Structures are given as C-alpha cells and as structure tokens.
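>>> pasted the sequence and its predicted model underneath.
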Amino acid sequence: MKEIHLYNTLTKKVELFVPKTEGKVGMYTCGPTVYHFAHIGNLRSYIMEDVLEKTFRYAGYDVKRVMNITDVGHLSSDADSGEDKMLLGAKREKKTVMEIAEFYRKAFFSDCEKLRIKMPDVVEPATSCIPEFIHMIEVLLEKGYAYVAGGNVYFDTSKLENYYVLSNQKEEELMVGAREDVEEDANKRNKTDFVLWFTKSKFDAQELKWESPWGTGYPGWHIECSAISIKHLGENLDIHCGGIDNVFPHHTNEIAQSEAYLGHKWCNYWFHILHLNDSTGKMSKSKGDFLTVSLLEEKGYSPLVYRMFCLQSHYRKPLVFNYEVLDNVKTAYEKVVNRIHNLNKEGETEQEKMQPYRDAFMEALGNDINTSQALTVVYDVLKAELNDASKWALINEFDSVLSLDLTKETDAVEEDDELTAFVEAKIEERKAAKKAKDFAKADAIRDELLEKGIELKDTREGTVWQRV
Ligand code: AMP
Ligand code: ZN
C-alpha cells in the first residue's frame, strides 16, 4: 500500500490516511438530488471524488464506495425550510416525483459515464431505505437525542457536547443553505435542531409518504446519508466526501445523529471539494440557465476536456469556469492525446527506468490529490528518455486514475511539426500586425489560415489554434 496524505476537514490538517481495516477503504459520497440535471459544478465534486477513489485503488487499496440518491426530503434550503426540491421538479415538468427521480438519476449517470466517473459499488436511493431511517430515529428517541413536536421528529442538538465538531466557524457564517425569507420553525427547541421525520407536511401535494410510529410522513434529508452509510459500510466509516457546502448543516448533522445513534466516533476522514463558480459567483440551479455537460458538448467540448479542466486545479481551491481557459485546455488535450497516439506501443518496456515516473505520479496524488502535478508527470514521461512502449505503458497506467482516455484508440492525425511551425509563425505575424494597428492584415492572416482549415481563437492567455 502506498502512502496517501489527505486534508481532513475534521482535524483541519493534512494527515496520513490510515483506514480502520488494513488494505480496505470504506468510502461514502453524498449523491445527487435528482430534481434537475447536474450542473458542471456538482460534477466537479464527483470528478474529484472519482480521482480520490481511483487513487486509493492505484495505491493498492480495496475500496467499497457507497452513494445515495436523494429522491425525497431535500428542501430548497439545506436547513429544513423552503419547498421540497423533488416536488418543485415535478411541478415544473408536470410529472410525478418518481418520474422526475428516474429521469434525472439516469441523466446523472449518463453525465458520469461521459466524464469517466466510475459507478460506485453501491448506489442506494433514499426511498428504498425508509425502514432503516425509522429504526435509526426510534433509537435516537429512545436514547433521548430526539423529540416529537408539532407532529415532526427533531434531533436535539443541545444534547451534544460538540455539535460543531466539523467546523469552528460561527453559526451565522455556516448557515449557507438557509434562505432569509423562510420563517423559523417554532417547534424547534434550538435553532440548530433539525427534522428527522416530517409528518405535518407543509406541502399539500407531497406525493411520497410512508407509515411511521409518528404518523404518515417522510424523512428529513440528513438521516438518509447516515443510515445508508451505516447499512452498507458499518459502524466505522473511513472517509466521507462531498462539496464544501455540505459541511454545514448536512455533514454536521450527519455526524450528530450517527454518533448519537452508535454511541461512538463514526467517520475518521472528511474530504470536501471547493466550489466551481461562474463569473457571477456560485453556480446554482435556482439561477435558471445553468451549465451542463450536454451544453458543453453542444458547444463542441468533449466532456473529457472539462474533466481535464478540473484536474488542472487543486480540489481545495475554488475554481472559476471560463470558456477561454477551456479553449486552452481543449487545445492542450488534443495535442497530448495526439502525441500519445503516435507512440509506437509495441516492444519491450524498460521497467527499471519507468519506476521513478510511477513514484512521481503516486507522490503527486498521495500529496493531498495534487492532480495538476500528476498531469505534469504525463508530460514528463512524454519528454523522458524512455522508449515509446514504456511511455505508452506508463501513461496507460496513469490513466486508470486520470481517466482522460489518453491511450484510447482515436482517429488522431499525425503530428505535423512543419504545420505547427507555419501556424505559429503566422500567429506571430498577425500579432505584430495588430500591434501596428494593421487590422486588415491581421484579418487577412486569419482568413488565410481558415482556408487551410486552421481556426484561430484569441484568448486571454494568447492566440490558440485548432483544425476545423
Ligand atoms: P446536490 O445535487 O445539490 O445534492 O449536490 C450534489 C453535490 O454537488 C454535493 O456534494 C454538493 O456539495 C456539490 N456541489 C453543489 N454545488 C457545487 C459547485 N458549485 N461546485 C462544486 N460542487 C458543488
Ligand atoms: Zn449526504
């Protein structure tokens, strides 16, 4: 087993990852709320979690990864207020909640496939675990961690010594999911208490309801991840993942109820991905138009170009989406795939000479999933004094984690150094013409290249070109 160091939100430190059982990793990921298409921000989280899972596997671990599908209980505010997201989706599309869930679950996994995100070992919809939720809530009531008020069952956060174990921020700063226009729930004993089970539905049209000891109703959002994780991964979870907005209240509440239920510490490592933002701020589905994988495809970007865009930056840094940068990544991606395609993969590999590159790749990923460094190792291999067969074999191996289809058979064209030199000289000539304000000449150069099947694009990082 190779060493992996990860930033742990629980301890706020980069730590050596040590699972409970040697050689095995239990990994839980919060799944999508299937009321709409996933935006590319959501998918940034799933891409980076996929890299994490594949890093564990590359390092020699046996991984069991579990993901829920939220098809009930997630209200438009992450704190229990606003409307039910699934109901909003059903109303919007004049369909039933289960039709909406089925459609967007499939759409989510289709996006994942395009982005080469591996299907988790277990995918469990919340609606198929109602007995498990009810059992967990019964135990929480028995142990005095929960109370019934106004027909709903609430978790009593005042019963815990350290409710904010996952975050040392102030309460107000943490209320990221809460909207200002929603009224306070008068049944709550403490502001941070949260609903485990709703019986008094605020929504007349609530379609999905189940019998429970507290009346007909439906579960709160947070209970599903605790119960599904414990069902499939047991009482000790190695690592739990999600986007940074999940730290509070969702993951904070998951810890509260899981540890109150189990009577001991539950999860050792918490892995959170910072958001993908657009130029106006956080990406959000409530803003109306939002960026999806299909939209990128319509604009001519392969989903793997977006995957590479994500891998070029660190998961713990916010990332701003930008078409100019995506254009550059597209050019870089096509170039690197072409170079790999032109390697002659037949012949003996030079195992001894290959090892330092393997070590460098593992070291990059083992250093808190430094994906941009791992990509650099691919370029280092291409430049290395190794035969083609060794280069191809190494990159093929690295692609088990990067999943960029780097060694897939393509109809890539021979790299043409002469053409590259010609186009680059023309770009320089055009730059000089523009500087001299000779725009007619600059345009003429662009047209001349276009006639030869070369399109120029001006980006903030300079002019890039592609074959059309
Ligand atoms: P949801 O479908 O809303 O439950 O979100 C699915 C996942 O996407 C969760 O792990 C969120 O934390 C994550 N997420 C939401 N917005 C973003 C964003 N802009 N960038 C990255 N991850 C996000
Ligand atoms: Zn969750």
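Right, received. Where do you want to start? Ligands and ions are numbered 1, 2, ... in the order given.

>>> what about stretch 352-367, average pLDDT?
Mean pLDDT, taken over the full extent of stretch 352-367, equals 98.

>>> residues contacting the residue of the stretch 51-200 of the chain at minimum distance from ligand 2?
The minimum distance from the stretch 51-200 of the chain to ligand 2, using C-beta to the ion, falls at Asn68 (6.2 Å). C-beta: built from backbone N, CA, C; applies to glycine. Applying C-beta atoms under 8 Å, 6 or more residues apart in numbering, one finds that Asn68 lies in contact with Cys30, Gly31, Val123, Glu124, Pro125, Ala126, Glu224, Cys225, Ile228.

>>> mind running it again at 7 Å?
Asn68 sits next to Cys30, Gly31, Glu124, Ala126, Glu224, Cys225, Ile228 when contact means C-beta atoms under 7 Å, 6 or more residues apart in numbering.

>>> ok, Ala393 next?
When contacts are counted by C-beta under 7 Å, 6+ apart, Ala393 is found next to Thr349.

>>> about what we covered before: and the contacts of Asn68, which two are the farthest apart?
In those, two members sit farther apart than any others by C-beta to C-beta. They are Cys30 and Glu124, at 12.0 Å.

>>> out of these two, which sits in the busier spot?
When neighbours are counted by other C-beta atoms under 10 Å, Cys30 and Glu124 differ, and Cys30 comes out ahead with 23 against 20.

>>> wait, the more buried one sits on Ile228?
No: the pair formed by Cys30 and Ile228 falls short of the contact definition of C-beta atoms under 7 Å, at 9.9 Å.

>>> okay, the residue in the stretch 101-250 of the chain that ligand 2 sits nearest to: pLDDT?
Using C-beta to the ion, the point where the stretch 101-250 of the chain gets nearest to ligand 2 is Cys225, with a distance of 3.2 Å. On the pLDDT scale, Cys225 is placed at 97.

>>> can you pull the pLDDT of Gly281?
In this prediction, Gly281 has a pLDDT value of 79.

>>> got a list of what it touches?
Residues near Gly281 by C-beta under 7 Å, 6+ apart: none.

>>> output the set of residues of the protein in proximity to ligand 2.
Residues of the chain lying close to ligand 2 (C-beta under 5 Å from the ion) are Cys30, Cys225.

>>> mind giving me the domain split of the chain?
Following automatic domain parsing, one gets these domains for the chain: 5-273, 323-411, 417-467.

>>> would you turn those into JSON lines with distance to Tyr315?
Converted to JSON lines, the domains of the chain look like this (distance: least, C-beta to C-beta, whole Å):
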{"stretch": "domain 5-273", "distance to Tyr315": "4"}
{"stretch": "domain 323-411", "distance to Tyr315": "6"}
{"stretch": "domain 417-467", "distance to Tyr315": "23"}
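
>>> need the winner for burial among those domains.
domain 5-273 (a mean of 19; mean count of other C-beta atoms under 10 Å).
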